[in-house]
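J.: no sequence for this one, just the structure:
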């Protein structure tokens, strides 16, 4: 399950148990809600490594920021949802 958050007013209420909100993109960041299980997948861990390299522990959006294109992120999460 992959959900893109459109409302900035209810963000804290939109993350169900067992999920995580992440921000994706290079310039314009978009917010997605993903299952926590994705964090264990090697492909997703590579994205986390890239985020660590680029941002360290300071993420400009206040949450986990993934430095890849929205299209690449959607492709990866679509693949993970079928696995």
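T.: Structure's in. What do you need? Here the structure is a predicted model, which is why all the values come from computation and not from measurement.
J.: contacts for stretch 43-60?
T.: By C-beta atoms under 8 Å, 6 or more residues apart in numbering, the surrounding residues in contact with stretch 43-60 are 23, 29, 38-39, 64-68, 73, 76, 79-80. The C-beta positions use only the backbone N, C-alpha and C, and glycine is treated the same way.
J.: Out of those, list just those in strands.
T.: 23, 64-66 (DSSP state E).
J.: Same list (those) but as TSV, adding distance to residue 17, pLDDT and neighbour count.
T.: Formatted as TSV, the ones in strands among the contacts of stretch 43-60 follow (distance: C-beta to C-beta, whole Å; pLDDT from 0 to 100; neighbours: other C-beta atoms under 10 Å):
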residue	distance to residue 17	pLDDT	neighbour count
23	20	90	20
64	17	84	17
65	22	87	17
66	21	89	24
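J.: Please dump these into CSV; it should also carry distance to residue 15 for every row.
T.: Formatted as CSV, the ones in strands among the contacts of stretch 43-60 follow (distance: C-beta to C-beta, whole Å):
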residue, distance to residue 15
23, 13
64, 12
65, 16
66, 16
